[in-house]
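Colleague: Everything below, folded, please.
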Amino acid sequence: MFCSIDPGKTTGIALFDQFGAFKASYTLEDNGAADYINKLLAFKLRYEVRFALIEMYVNFGKYRPNAFKVQEEVRFCKEVFPLHILVKTCQWNPKAYKDRMKRQMAAQYLNCVFANSHCTDAALMGKNIFDLIKVYYNGMAYSFLSDLSEGIKQFPTRQELAEMVREKQLEKAT
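Modeller: Model prediction:
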């Protein structure tokens with residue numbers, strides 16, 4: 001199993017199996033650091049989560065009342081899931097769809113209506129990233145993501161992905 005996490009006022013978590021099939025969605029309220037970490041740990045242990053995709057929060061200099069809190073939540077997620085991959089929003093949502101469109105997409109692709117926008121984002125992030133990797137790695141998406149979570153910790157650009165595929169093909173040829 002792996003999960004995708006969208007930290008925020010209410011953190012959204014989506015759970016997927018090794019084939020990329022969506023299993024469930026959860027909301028995690030932040031009631032203080034210790035409580036947040038304990039809930040993440042309980043989730044990880046209960047579902048035997050191998051690695052996590054964590055949305056990388058970037059505050060573009062805008063005033064956001066919860067900016068520090070979200071950055072802190074990302075740090076907690078990274079601590080609880082040492083095997084993780086940070087994903088930029090533009091990597092899983094390249095067309096910058098807004099909430100209404102994302103909810104429609106989630107209902108269509110995942111047959112689920114989510115409790116809030118963070119759960120929707122977490123589910124779409126997990127699905128979109130897994131599906132993108134399937135294109136490059138012919139059904140080996142889970143093992144590729146698992147290996148990536150042990151290494152560079154940041155999701156590669158499409159250009160970097162293409163280069164990784166070329167390198168892997170060269171290794172097989174020799």
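
Colleague: check contacts around Pro98.
Modeller: No, residue 98 isn't Pro; it's Lys. Lys98 makes contact with no residue, according to C-beta atoms under 8 Å, 6 or more residues apart in numbering. Where you see a C-beta, it was placed from the backbone N, CA and C, and this is true even at glycine.

Colleague: From Gln104, how far out is it?
Modeller: Using C-beta to C-beta, to the nearest Å, Lys98 is found at 10 Å from Gln104.

Colleague: Ok, Ala173 next?
Modeller: The spacing between Ala173 and Gln104, counted by C-beta to C-beta, is 44 Å.

Colleague: out of these two, which sits in the more crowded spot?
Modeller: Taking Ala173 and Gln104 together and counting by other C-beta atoms under 10 Å, Gln104 has the greater number of neighbours (12 against 6).

Colleague: Quick check: that one is in a helix.
Modeller: Yes - with DSSP: H, G, I helix; E, B strand; the rest coil as the criterion, Gln104 is part of a helix.

Colleague: Tell me which helix or strand comes right after the helix of greatest length in the chain.
Modeller: As far as residue count goes, and with DSSP state H defining each element, the longest helix of the chain is helix 117-137. Of the helices and strands lying after helix 117-137 in sequence (DSSP states H and E), the nearest is helix 141-150.

Colleague: Quick check on the closest residue in space to Leu110 that isn't next to it in sequence: phi, psi?
Modeller: Closest residue in space to Leu110, ignoring its immediate chain neighbours: Phe22 at 4.9 Å, by C-beta to C-beta, 6 or more residues apart in numbering. Here is the backbone geometry of Phe22 (degrees, to the nearest 10): phi -70, psi 130.

Colleague: Please apply the same query to the one 4 residues further on.
Modeller: When read as degrees, to the nearest 10, the backbone of Tyr26 gives phi -140, psi 150.

Colleague: got any ranges where this protein has weak pLDDT?
Modeller: 58-67, 172, 174 (pLDDT under 70).

Colleague: So which residues of it form helices?
Modeller: In chain order, the chain shows helices spanning 33-47, 67-80, 89-92, 99-110, 117-137, 141-150, 158-173, with DSSP H as the criterion.

Colleague: before we move on, back to that, can you state the direction angle for the longest helix of the chain and helix 158-173?
Modeller: Between the axis of helix 117-137 and that of helix 158-173 there is an angle of 40 degrees, by axes from the mean of the first three to the mean of the last three C-alpha atoms, to 10 degrees.

Colleague: Return the list of helices and strands in contact with helix 117-137.
Modeller: For helix 117-137, the packing partners by 3 or more C-beta pairs under 8 Å, 6 or more residues apart in numbering; DSSP states H and E come out as strand 2-6, strand 10-16, strand 22-29, strand 51-55, helix 89-92, helix 99-110, helix 141-150, helix 158-173.
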